[in-house]
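S.K.: Sequence and predicted structure, then a few things I'm wondering about:
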Amino acid sequence: MKKLLLATVMAFMGFGAMAHAQEAQEEVQPQSVQAQQDDQMMAESRARLVWTCGMNFTGTSKGFKVIIGKFSTVAYGHLSCVDGRGETYDRRIKLTMGTHWIGPAIGAGYFRFQGSAAEISLVNMRPSVLFGDYLAGQGNIGVILGAGAFTAVKVGTPQLALNISAQLLEGTGIQLGFHELRIEKY
């Protein structure tokens, strides 16, 4: 009789332990799925925090400025970006560059140019924040043909963007200084 009672108790304990283990597994599994989803979302967010972009543009620069005056640049082109997951972003853009009528720049002449730029944006969930105002250091020089470049930086909360370009010029003149660069949708 004791053996029968002991076997019955052991059987109930075994079934109870198995049922408890199954309940525990069912409770853990949704948490594990949730954790996997959270991990995936974090990885996607990290992949989107860095956008690598390229710009191609064509434009003109003209004017006269030696600290005082006006020398401005206007260009139109295309912005193409890709994030860490391979998603792309493409837009037509307009670039304008210049300074206040008095500012740290010199320029004289007229250029037509074609250029390309690489842009890297950090801590950025979407590339549309790349549009806006930058501080640019620019240098162009040409006598019939020439070359130029600019480097621009945009600092915002919490984003940081760096833009480096190279240009081929047709025209005569010189342009050096610090300018305000504005990139906008076109």
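M.R.: Nice, I can see it. Numbering: from 1, shown residues only.
S.K.: Burial check on Ser80, number of neighbours?
M.R.: Close neighbours of Ser80, defined as other C-beta atoms under 10 Å, add up to 14. (Each C-beta comes from the backbone N, C-alpha and C, glycine too.)
S.K.: Can you name every helix or strand that the biggest strand by length in the chain contacts?
M.R.: Longest strand in the chain, counting residues (DSSP state E): strand 50-83. Under the contact criterion of 3 or more C-beta pairs under 8 Å, 6 or more residues apart in numbering; DSSP states H and E, strand 50-83 touches strand 88-98, strand 102-122, strand 160-185.
S.K.: With mean neighbour count and mean pLDDT as added columns, please give these in JSON lines.
M.R.: As requested, the helices and strands packed on strand 50-83 are arranged in JSON lines below (neighbours: other C-beta atoms under 10 Å; pLDDT from 0 to 100):
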{"stretch": "strand 88-98", "mean neighbour count": "17", "mean pLDDT": "92"}
{"stretch": "strand 102-122", "mean neighbour count": "17", "mean pLDDT": "90"}
{"stretch": "strand 160-185", "mean neighbour count": "18", "mean pLDDT": "91"}
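S.K.: Make a markdown table out of those and add distance to Leu145.
M.R.: Listed next are the helices and strands packed on strand 50-83 as a markdown table, based on distance: least, C-beta to C-beta, whole Å:
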| stretch | distance to Leu145 |
| --- | --- |
| strand 88-98 | 21 |
| strand 102-122 | 10 |
| strand 160-185 | 6 |
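S.K.: mind checking the end-to-end distance for stretch 112-131?
M.R.: 23 Å (C-alpha to C-alpha, to the nearest Å).
S.K.: quick one on the thing from earlier: out of the helices and strands packed on strand 50-83, flag the one nearest Cys53.
M.R.: Of all these, strand 102-122 sits nearest to Cys53, with 4.1 Å by C-beta to C-beta.
S.K.: Do I have it right that Thr58 meets Gln114?
M.R.: Yes: contact criterion C-beta atoms under 8 Å: Thr58 and Gln114 qualify, at 5.0 Å.
S.K.: Pretty sure Leu130 sits against Glu184.
M.R.: No: using C-beta under 8 Å, Leu130 makes no contact with Glu184, being 10.2 Å away.
S.K.: still on that earlier bit, in the longest strand of the chain, what's buried?
M.R.: Going by neighbour count (16 or more other C-beta atoms under 10 Å), the buried part of strand 50-83 is 51, 53, 55-57, 59, 61-63, 65, 69, 71, 73, 75, 77, 79, 81-83.
S.K.: Noted, bye for now.
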